[in-house]
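>>> no sequence for this one, just the structure:
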Ligand SMILES: Nc1ncnc2c1ncn2[C@@H]1O[C@H](COP(=O)(O)OP(=O)(O)OP(=O)(O)O)[C@@H](O)[C@H]1O
């Protein structure tokens, strides 16, 4: 259960980069606030270029913010020991190409201060956990993108950290790989760990996160539990009909209901929360058979687009 003491606390974060000969300003982050509570899965979401990685790197002290404060484990300047309590998967994991999985994890374990026995045990365990058992004889340089992501995850988990910071952990993975990573994140949470991750694969996030911050153009545009952010009411209902002839379609058309034909079945789409009952009555009276009724509520993707448009601009315009 999440407690009140935040594991990560970001307040008023700004980061401006200077690029090129004329030192042009790039305002990557323009005043971000959020906190990650102990024991939760927190999603930092946003389109490409929104400022997610810049925020993560600031939390990790890999870059210095232009303004703002960041507390990690309650401290503004965490000690190296405190920093060892976190595991980090970078967006593009940096690996030594010529090392094999065990050698690479052994090196990472040494850097974390693990003893030889623990390193060997944990490396075996993590390699099995991320599904790389078949590739232990291969240099990492020959790994596919998905395999690189898996070895990156193994190194993040190696020292059993209490906070996992994962930058696009599903990137480069096929649907099975993405599910495995989702399961792994849930398992870690069940073990009492805290997870902060970034993603723009929203279907993955929807199933995972306790709370989210949606970032757009360097600012948080939505923040909180998904149950609070997403509109609870039904947005539209899809009614699938068999035996719906042209007369009935014309009748539905008169009611302002859009229909389309999918594999000899007619799908009627009713917008809004009311109206589905009327359509069902008309369809049944017209001799059609109702094959399925699906209510659609607002998804994270809808929220994402709604937010992006509200904050001025198409979601992927940077
Ligand atoms: N070192 C840097 N120098 C100059 N500009 C940078 C630097 N790092 C990031 N930026 C710029 O800051 C903005 C935010 O980048 P950032 O990588 O944080 O976005 P992101 O949300 O992680 O995007 P993505 O999902 O594509 O990884 C972008 O416009 C990017 O070009």
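Good, I have the coordinates. All values derive from a computational prediction rather than experimental measurement. Numbers count the residues shown, from 1 in each chain.
>>> Let me know how buried residue 30 is, in neighbour terms.
Neighbours of residue 30 under the rule other Cβ atoms under 10 Å: 17. Bear in mind the C-beta positions are built from the backbone N, C-alpha and C, glycine included.
>>> Tell me which residues are up against whichever strand or helix holds it.
Element membership for residue 30 (DSSP states H and E) is strand 24-37. Residues outside strand 24-37 that contact it (Cβ atoms under 8 Å, 6 or more residues apart in numbering): 2-19, 42, 44, 51, 54-55, 58, 65, 68, 163, 194, 196, 211, 213, 215, 217-220, 223.
>>> And for the closest residue to residue 170 other than its chain neighbours, the neighbour number?
For residue 170, ignoring the flanking residues on the chain, the nearest one in space by Cβ to Cβ, 6 or more residues apart in numbering is residue 178 at 4.5 Å. Number of residues near residue 178 (other Cβ under 10 Å) recorded here: 20.
>>> so is residue 178 in a helix, a strand, or just coil?
helix (DSSP: H, G, I helix; E, B strand; the rest coil).
>>> still on that earlier bit, sheet partners, orientation included, of the strand holding residue 30?
strand 6-19 (antiparallel) (DSSP bridges).
>>> Need the mean per-residue confidence for the strand it pairs with.
For strand 6-19, mean pLDDT is 95.
>>> do the same with stretch 44-63
On average, stretch 44-63 scores 92.
>>> What residues of it count as buried?
44-47, 49-60, 63 (16 or more other Cβ atoms under 10 Å).
>>> Of those, which belong to helices?
Counting by DSSP state H, these place 52-59 in helices.
>>> filter those residues by proximity to the ligand?
52-54 (Cβ under 6 Å from any ligand atom).
>>> Not counting its neighbours along the chain, what's nearest the most centrally placed residue in the chain?
Closest residue to the average C-alpha location of the chain: residue 199 at 3.4 Å, with Cα atoms, centre = their mean. Using Cβ to Cβ, 6+ apart and skipping the chain neighbours, the partner closest in space to residue 199 is residue 205 (5.2 Å).
>>> what about the one you found, which helix or strand?
helix 202-206.
>>> likewise residue 68?
Using DSSP H and E, residue 68 falls in strand 67-72.
>>> got the domain boundaries for this protein?
What the TED database lists as the domains of the chain is 8-229, 234-297.
>>> got a list of what residue 168 touches?
Contacts of residue 168 (Cβ under 8 Å, 6+ apart): 91, 197-200.
>>> Of the residues you listed, which belong to helices?
Per DSSP H, these never map to helices.
>>> coming back round to it: now the strand holding residue 30: how far from the chain's centre is it?
18 Å (Cα atoms, centre = their mean, to the nearest Å).
>>> Can you pull the poorly scored residue ranges out of this protein?
1-4, 311-318 (pLDDT under 70).
>>> What parts of it come near the ligand?
Counting by Cβ under 6 Å from any ligand atom, the chain sits next to the ligand at 17, 19, 26, 28, 46, 48-54, 91, 200, 318.
>>> go again using 8 Å as the cut-off
Within the chain, the residues that sit near the ligand (Cβ under 8 Å from any ligand atom) are 15, 17-19, 26-29, 46-57, 63, 91, 167-168, 198, 200, 215, 218, 318.
>>> What distance do you get for the residue of the chain most remote from its centre to residue 285?
For the chain, the largest distance from the centre (Cα atoms, centre = their mean) belongs to residue 247, which lies 46.1 Å off. According to Cβ to Cβ, to the nearest Å, residue 247 and residue 285 sit 11 Å apart.
>>> Please apply the same query to residue 253.
Taken as Cβ to Cβ, the span from residue 253 to residue 285 is 16 Å.
>>> I'd assumed residue 212 was in contact with the residue nearest to residue 199.
Yes - using Cβ atoms under 8 Å, residue 205 is in contact with residue 212, at 6.8 Å.
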